[in-house]
Every structure is written in structure tokens, then in C-alpha cells.
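Trainee: Give the three-dimensional model of this entry:
(one chain, ligands or ions: 1)
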Amino acid sequence: MSTKEKTTKKETVKKDTKAAENHMDGRYTFIVGIFILFFAAYLLLAIISYFFTWESDQSFIWQKVFSSSLISVDNWTGKVGAFFSNALVNKGFGLSAIGIPFILGLIGLRVLKFRPYPLRKTLRTLVLGIILSSIVLGFAFGEAKGIFGSGLGGEHGYFVSKWMSAFIGKLGTFFVLLFASIIYAISINRNTIFYINRTMGMVADLFRSKPKAPVTESFDEEEAAEEEAVVRNEEPAHKPEVKDTPIVRATETEQARGATFTIVRDEEEGHPEEKEDVNESVDFSYQSEVEPPFDIDEPSEPLTPILLDDSKVKFMLEQTSEEKEATEDLINSELYDPTLELSSYQRPPIELLEDYKSNFRVTEEELIANKEKIVNTLANYKIQIDSIKATTGPTVTLYEIVPAPGVKISKIKNLEDDIALSLAALGIRIIAPIPGKGTIGIEVPNQKPDMVSMLSILKSAKFQEAKFDLPIGLGKTISNENFVVDLAKMPHLLVAGATGQGKSVGLNAILTSLLYKKHPSELKLVMVDPKKVELTLYSKIERHFLAMIPDTDDAIITDTQKVIYTLNSLCIEMDSRYDLLKKAQVRNIKEYNEKFVSRRLNPNNGHRFLPYIVVVIDEFADLIMTAGREIETPIARLAQLARAIGIHLVIATQRPTTNIITGVIKANFPARIAFRVTSMIDSRTILDQPGANQLIGRGDMLISTGSDLTRVQCAFVDTPEVERITDFIGNQRGYSTAYLLPEYVPEGQGDAAANVDLDKRDSLFDEAARLIVQNQQGSTSLIQRKFSIGYNRAGRIVDQLEAAGIIGPFEGSKARQVLIQDELSLEHLLNDLNNR
Ligand SMILES: Nc1ncnc2c1ncn2[C@@H]1O[C@H](COP(=O)(O)OP(=O)(O)OP(=O)(O)O)[C@@H](O)[C@H]1O
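Mentor: Numbering: from 1, shown residues only. Okay, here's the model as predicted:
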């Protein structure tokens, strides 16, 4: 056999042995892991059993137990289990010893390469918990020959608490232990502070003067009076004119006014006499979230017809049920769920928001008057209607008309101006027909609009329980439903409206929703504010939530040139995210992050957790006017492609004209919000239909999501509220810088390496070169991460590496090519450089 063949054979044998060793290594760790897990389970059973059998197993002399087969133990896990549990519970930590098997279990899982929890943090928490709770139990219930042999805290708890009491007295020990317990609880869950504050508040309340007893009696009286009224009204002698009505009720107020309309309960709806009524008169109903002006026995009943005697028009009440509010626990658990990257981060508490309580209510007089006007106007044009139903929203009431058979819809639609004139109100909108319903809608503004507070939206169960990726609470619909949508699904948003109609408040509502729901590690905001005033408040959260391009002073971008750079940088980020998705073989950011979180993607291969990026541009018109295509092109690219990789755009403009909202932009923004605009043409530009010109302003808006058009009253969030939220976030520990987007080098300016002086190399140059060659990856972020240095320094090193011929030139979204293939050649090159 030739020497060459011999060597190859030897190498093959070596390789095989190594492979076998590796294989054995894997088997070995598996066996060890399983053993630890089984032992943990055994120990857990032994300890649990000890809690029940300790008394009978107490009296043994342990040496004899093992040597004599005559002695038997009661513990379910036999002598060994009894021995261990006695050592851990009685001689050790008492009740708290139950934590020890869990520690072992965690270690076992780690050996098996499962990582259900962060090992070090959980171990620290468990060990400290065991020690502390054992002392607390020892202090409270420890006694020699007590339960478990030496009390609930075991010998450890008993003796340590005794020693402490001898040192600082019982009272001192009590306070020290209380203090330690509070610190421990806070370190586990920051909500503890909130609960402590709340408890103290409740205790303080107890000492405050008690409020006057609630006026239940008067309420009862009122109810009794109403009950009486019912009885009275049922007697034909009192109300001969409504004899035909099955059950008639009236509230005190109605009686006082001498109002004659009444409520008929649902059961009576099928009554034959009532059916006759329907034929003769127009059926009218109204839907309200506000307290109804008349008494209703079962508010959950959807429809309660009311008879108006004078006009013989039947009136029905549709009660919209109050939207469910999330329980306090839910709110808090949702709001305070810090993630590991910035584990101390606390989400802003809901209390920072103002509770705008308004007393404006739509009166029934207003509703009936409007109904009369609508019916009369239509009657003037010989349009017969079957019924009208009213639904009161915060600012607008929707009157839904069911036209009589044979009435042309277009006929009603054409009367828009006439109805508006007869109602003497601005902002009337006719929806003919209402999609999905066989009715025609007439939206009439309320005389006194109600304000929708951001607080009411954010604390609603709908928002708190929303499982959306980027939930935004925008306001309330006409039927008082909270309008919460997922920005990630929209996937971009165009906001337009004339000046002063509520755009900035709308943007603040979007941003506030996101800040309330997201952790800084999950969301980054790019803020563009050419007006320089609207978004400045958010600069306080720069190191938590903002993203910017390297070498910028201010994370809120006001300069057009910087906007162009940032948008292009976002395109680079988009391309690199697509590369990462491709490498990870996933289709979108959600799957990618799930895979990354479950540690199935290696950070050394460039993988990283991808936060959502929301780009907010407050005045888009200014940018398009000054930079035109330079702005439009990257925006269109991002809008077309960025959805899957978690970049979403929210663009606002007060000039909704076709030269600003171009066809390209429009085509890529299916979701649009229109606040009030001045002309129908503007409305068509934004929504492709009229309507926005008929809004009443102050947050009244139309939201179009492709096919649907919804009228929503925007939630109001005032500047001081935003300030409180940004202060709250800004005052917490943040990242060292804002999230850095990739560097964008405009064409023709990418020759930074040409100006590099290789005699003034960075002290980390050699190390960085070795890192790049070893990994065969020319990335600035790799250098940044490995050496924990800032982006600027890493960027300078990369320029030097390029000048030295170790890596290739900048190639946009791709990583630079590594020109040196092996470490030996690199060492030669470094030697040459050092000996120059
Ligand atoms: N949702 C709302 N509820 C109640 N009032 C509102 C609402 N939105 C806006 N307003 C009122 O309208 C005023 C103007 O709103 P905002 O500043 O948002 O308008 P804008 O469209 O951003 O104006 P500009 O384009 O000039 O900045 C607010 O100060 C507030 O009084």
C-alpha cells in the first residue's frame, strides 16, 4: 500500500472515531439529562409524601433504617426517598424544599437542550425564594419538634430566624423579612409596586370620611312610582286612547312633560292589535348607548317599540349594550409584561390618560324632531317609508330607513340637500343602501357631540384582549363599538384631512395605542415631521422606541434630505430582512421571530430578532413638493413590499390633491382615513367617493379599508397626555442608542475607503479582520456586536478593512464580500501592514 493511501485510511479512521465520540457525547448528555429529570420527579414525590408521612417516619435512626430490612417506612418513595426528603424538609428548608426538585428539573431540561425559561434568572429566583421563604416560615411557625420535625421553615428557617431575632430582636427580624420579601416580590414582578400602592390607597381610604350613603331609596321610590305608573296605565279608564296597546309604560319625566309615547315590551310585539298599528303608521326606532330617556325592564332586549300617540308613528328603541371593559387584572397583566431584552421596562399605566367624561346626551326630543323632519321631507316628495330606526353614536345619529316597496333608492339619495336643509344641519350623509342591510342610512350630527376619550378605547376589553400584531384603537363607530384594527394587516395607512380637523390627534391615537401595547424590543418608530412641531414630544422615547439612520443627531426627522436617506435606508433594511427570511425559510416576520425566539436561528449567521417598524410621516405634502420622485419611489417600494417583513407606513397629509396623493401612492395604500375635507374632489382623491366633505370635523372621520367605509369618531388624546406617556417611558432605562437603521450611501458617494489612512488603523483592526475572515461575513453589525462598539467606530473599521483589501466595496443591502479566504493569508497581510 502506498504512503498516500495509508494516510488517507488513517484520516478516515480518525474522522470515524471523532464522529463516534461526538455521537457518544450526544448520548451521554441525553442520558444525564433524563437521569436528572427522573431524579427530580422522584424527589418531588418523596417531598410531597413527606408532608403526609413525616410523623411516622420521624422516629427512625437512619443508619438502622438502611441496614435493617425489618424496618419499613411510610414514604411512597421508600427508604431512600424518606432519607432525602427528611434531609431537605426537616433538616433543610421545610415547606420551601418543594422548590428543590424544580431546580433539578430545570437543570435536567437544560442538559437535554430545552430552554423553557432563562436558566440563570430562574435558578436565582428559585434559590433565593427557597431561602427567604424558609426563613419567613421559620420565623412565623418554627419550633423544635414542630410540624415536619422543626417547623414549617425546616431547621434552616428555624435557626436562621432565631439567630436574627437574637441579633436584632423579633420586631427587627419582622421588618427585615418583610422588606426582603417586598424586594423579592418586586424583583419577580414589577406589578407588585402597583399592588402595594393600591393596597395602601385602600387602607388610606378606610380612614378617610365615608361618602354619603348612595341614594338607593330615592331610586327605589322612583322605580316604585314607575311600577305604579305601569299599573295605572294598564287600566283602560286612565288611558282610553291607548286602549289597544297591550302594555303601556311611561317614566316620571315623560309624565311630567305630558309625553304620550310609550314603550311596549317585546312579548307584545306579536300582538294582533299592534300589527294593525304598524300598517297604519311609520315604524320608528332609535339605538342608543346613552341612558335611554325611558325605562326599559330588560336592557339586553334588542328592540322595544314605543308608540307615539299624537303622530301614530311607532318608535322602537334599540339599546346598544355598553362595551365590556377589561378587568383591572387583565389591563395590568397586559400592560406590564416586560420582555427580556429590557426586562425592567414598564408599559405606561392607563391612569396617565385623561377620563373625558361628557354629559352630552342626545335627547329623545332631538331624535323625534329629526325623525319627524326626515319623514315629512320624504313625504313632501311622495316617498313612503315603512320604518325608521335611530342609532346614536358619539357625534352622529344614524337614521335607518326602510323604504316602502317600490321606492327608488336614487330618489332618496337625490334628496340629500333637501333633507340637510330641512334639518338645518351640516354634515348630513346619506348611505343608500347601507351595505349588507336592506336599508338607507341618513347620518345626522348630534346637536352636542360627545367626546371619545383615548382612555375608554384603551381600557376596553376589545383593545386589551386584541391579539393583533400592531393593534390601534382609533375611536368609536356610529353604534358605539370600539374601533380597534391591526395596522399590520392594513398594512399601510394614508391619513388625510383639511387643517384643524383632527389629523394630529389621530396620529397621536395611533402612536399611543402602539406604545401602550408594545415593548421597545418589538416595535421601532421612524418619525418624520417636516412641520417640526407635531412629533417633537416623542423625542423623549428615542432610546426606547425610535429608529434612525447612523450619524444623526435627532431621531425625529425634519429635514427632507434626511427623509430621503432614511426611506432608502428602510429599503435596505427591507431587502436585508427579506434575505434573512429566505435564509430562515419562512414567509413573514411573525414566523421568523417565532423561529428566532425558539432558538432555531443562529445569531452568528446574521439572524436577529426583528422588531416591527412603523414609519409615521406627519406632513407628506411638504416632502413631495420639495423632493418629488426621490420620496415617492422609496415610499412606493416600501408600500408594495414591506408588509411581510414588518415595515408599515402611516402617512398624513392636509393637502389631499392628486399631485400629492398620486396614483402610485394610492394604489399601494388600500387603507385610508379621511378627516373632514373642504371639497368633494378631495374626498374622491382620498376615498374614491364623496363623504369626507360632509363630515363635521373635530375627529369625525371615515375609514376605508378597501371595500368597507366606516364612520368613526376618533379617540381624543391631548398633548399633555402624550407628554405624560413619553415622560413615563423616557424616564426608564432604555437602550444605549436609538435603533440604528442600515447606512445608506447615495450613488457616487460610496468611496469612503479611498480616503482611509491605513497608518492610522483602529486598535481593533486586526481582531476585526480575523473575525470577518473566520466568519466569511463582511458585516458592520457583526463587528459592532462582537466588540460591543458603536456603529460609527464599526463603520470606520469596515472602511479600513475595505482599504486594506480584506473586504469588498459596499453593495447596498447585501453583506460585503470577504476577499481573504483563509487565516494564513490574512496573517501575512496583517504582518505586511504592521511592518510598513
Ligand atoms: N377626536 C377628537 N375629539 C374631539 N376634538 C378633537 C378631536 N380631534 C381633534 N379635535 C379638536 O380639533 C383640534 C385640531 O385638531 P388637530 O390638531 O389634530 O388638527 P390637524 O388636522 O392636525 O390640524 P393641522 O393640520 O393644522 O395640524 C384639536 O385641538 C381639538 O380641539
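Trainee: Residue in the protein with the shortest distance to the ligand?
Mentor: With C-beta to the nearest ligand atom, the shortest gap between the chain and the ligand falls at G699, namely 2.2 Å. Bear in mind the C-beta positions are built from the backbone N, C-alpha and C, glycine included.
Trainee: got the contact list for that residue?
Mentor: Each residue near G699 by C-beta atoms under 8 Å, 6 or more residues apart in numbering is listed here: T395, V452, G475, Q501, G502, V505, G506, F675, Q713, C714, A715, F716.
Trainee: Can you narrow those residues down to the ones near the ligand?
Mentor: Intersecting the contacts of G699 with the surroundings of the ligand, defined as C-beta under 6 Å from any ligand atom, gives Q501, G502, V505, C714, F716.
Trainee: my guess is the first one contacts I696, does it?
Mentor: No - in this structure, Q501 sits apart from I696 without contact. The criterion is C-beta atoms under 8 Å, and the distance is 9.3 Å.
Trainee: Which of the two has more residues huddled nearby?
Mentor: Q501 (25 against 20; other C-beta atoms under 10 Å).
Trainee: how near is that one to R698?
Mentor: 7 Å (C-beta to C-beta, to the nearest Å).
Trainee: Determine the residues that are contacts of both of these two.
Mentor: Common contact partners of Q501 and R698 (C-beta under 8 Å, 6+ apart): none.
Trainee: In JSON lines: the contacts of G699, plus distance to R347, pLDDT and secondary structure.
Mentor: Rendered in JSON lines, the data for those read as follows (distance: C-beta to C-beta, whole Å; pLDDT from 0 to 100; DSSP: H, G, I helix; E, B strand; the rest coil):
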{"residue": "T395", "distance to R347": "30", "pLDDT": "86", "secondary structure": "coil"}
{"residue": "V452", "distance to R347": "22", "pLDDT": "91", "secondary structure": "coil"}
{"residue": "G475", "distance to R347": "21", "pLDDT": "93", "secondary structure": "strand"}
{"residue": "Q501", "distance to R347": "30", "pLDDT": "91", "secondary structure": "coil"}
{"residue": "G502", "distance to R347": "26", "pLDDT": "91", "secondary structure": "coil"}
{"residue": "V505", "distance to R347": "22", "pLDDT": "93", "secondary structure": "helix"}
{"residue": "G506", "distance to R347": "22", "pLDDT": "94", "secondary structure": "helix"}
{"residue": "F675", "distance to R347": "29", "pLDDT": "94", "secondary structure": "coil"}
{"residue": "Q713", "distance to R347": "26", "pLDDT": "92", "secondary structure": "strand"}
{"residue": "C714", "distance to R347": "23", "pLDDT": "94", "secondary structure": "strand"}
{"residue": "A715", "distance to R347": "18", "pLDDT": "94", "secondary structure": "coil"}
{"residue": "F716", "distance to R347": "21", "pLDDT": "93", "secondary structure": "strand"}
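Trainee: Which positions in the helix or strand hosting Y399 come out as buried?
Mentor: Assigned by DSSP states H and E, Y399 belongs to strand 396-403. Residues V396, T397, L398, Y399, E400, I401, V402, P403 are the ones in strand 396-403 that count as buried (16 or more other C-beta atoms under 10 Å).
Trainee: what do you get for stretch 627-635?
Mentor: Neighbour-count burial for stretch 627-635 flags E630, I631, E632, P634, I635 (criterion: 16+ other C-beta under 10 Å).
Trainee: same thing with stretch 641-659?
Mentor: Applying 16+ other C-beta under 10 Å to stretch 641-659 flags 642-656 as buried.
Trainee: which residue is nearest the centroid of this protein?
Mentor: The geometric centre of the chain, computed from its C-alpha atoms, lies nearest to K517 (C-alpha atoms, centre = their mean), at 2.8 Å.
Trainee: Which residue is the nearest non-sequential neighbour of that one?
Mentor: Leaving aside its sequence neighbours, K517 sits nearest to P471 (C-beta to C-beta, 6 or more residues apart in numbering; 5.3 Å).
Trainee: what does A621 give?
Mentor: R655 (4.1 Å).
Trainee: What does the pLDDT read for the one you found?
Mentor: The predicted local distance difference test score for R655 is 85.
Trainee: did I read that right, it in a strand?
Mentor: No - according to DSSP: H, G, I helix; E, B strand; the rest coil, R655 belongs to no strand; its state is coil.
Trainee: low-confidence ranges in the stretch 351-500 of the chain?
Mentor: Screening the stretch 351-500 of the chain residue by residue with the criterion pLDDT under 70, one finds the ranges 358-360, 425.
Trainee: Would you map the helices across it?
Mentor: Assignment of helices within the stretch 351-500 of the chain using DSSP state H, counting those that start in this stretch yields the ranges 364-380, 409-413, 416-423, 454-458, 461-464.
Trainee: out of the ones you listed, nearest to D618?
Mentor: Put simply, out of the helices of the stretch 351-500 of the chain the one that sits nearest D618 is helix 454-458, at 18.4 Å, with distance taken as C-beta to C-beta.
Trainee: List the contacts of the closest residue to G646 other than its chain neighbours.
Mentor: In space, and not counting its chain neighbours, G646 is closest to I589: 3.7 Å by C-beta to C-beta, 6+ apart. With C-beta under 8 Å, 6+ apart as the criterion, the residues that contact I589 are R577, L581, L610, Y612, A644, I645, G646.
Trainee: Now do the first one: how many residues are near it, please.
Mentor: Using other C-beta under 10 Å, R577 is surrounded by 21 other residues.
Trainee: can you tell me how far the residue nearest to G646 sits from V484?
Mentor: Counting by C-beta to C-beta, the gap from I589 to V484 is 21 Å.
Trainee: next one: V528
Mentor: 25 Å.
Trainee: thought T737 was touching L546?
Mentor: No - when contacts are counted by C-beta under 8 Å, T737 is not listed as touching L546 (9.7 Å).
Trainee: the more surrounded of the two?
Mentor: Ranked by neighbour count (other C-beta under 10 Å), T737 and L546 place L546 first, with 25 against 14.
Trainee: Tell me which helix or strand in the protein has the weakest average pLDDT.
Mentor: Scoring the helices and strands of the chain by mean pLDDT, DSSP states H and E places strand 262-263 at the bottom, with a mean of 27.
Trainee: tell me which element E573 is part of?
Mentor: Secondary structure assignment for E573, by DSSP H and E: helix 560-584.
Trainee: what does P101 give?
Mentor: Assigning secondary structure by DSSP H and E places P101 in helix 99-111.
Trainee: helices or strands up against the helix or strand just after that helix?
Mentor: Using DSSP H and E, the next helix or strand after helix 99-111 towards the C-terminus is helix 119-141. The contact analysis (3 or more C-beta pairs under 8 Å, 6 or more residues apart in numbering; DSSP states H and E) places helix 119-141 against helix 99-111, helix 154-188.
Trainee: Need the winner for burial among the ones you listed.
Mentor: Comparing the helices and strands packed on helix 119-141 by mean neighbour count (mean count of other C-beta atoms under 10 Å), helix 99-111 comes out on top with a mean of 19.
Trainee: Give me the buried entries from the contacts of G699.
Mentor: T395, V452, G475, Q501, G502, V505, G506, F675, Q713, C714, A715, F716.
Trainee: And the second one, how far from Q713?
Mentor: As defined by C-beta to C-beta, V452 lies at a distance of 5 Å from Q713.
Trainee: where does V616 fall, helix, sheet strand or coil?
Mentor: With three-state DSSP as the basis, V616 sits in strand.
Trainee: Look up phi and psi at the residue nearest to it when sequence neighbours are not counted.
Mentor: In space, and not counting its chain neighbours, V616 is closest to V650: 4.8 Å by C-beta to C-beta, 6+ apart. Taking degrees, to the nearest 10, you get phi -120, psi 110 for the backbone angles of V650.
Trainee: shouldn't V650 be in contact with F620?
Mentor: No - using C-beta under 8 Å, V650 is not in contact with F620; the gap is 10.1 Å.
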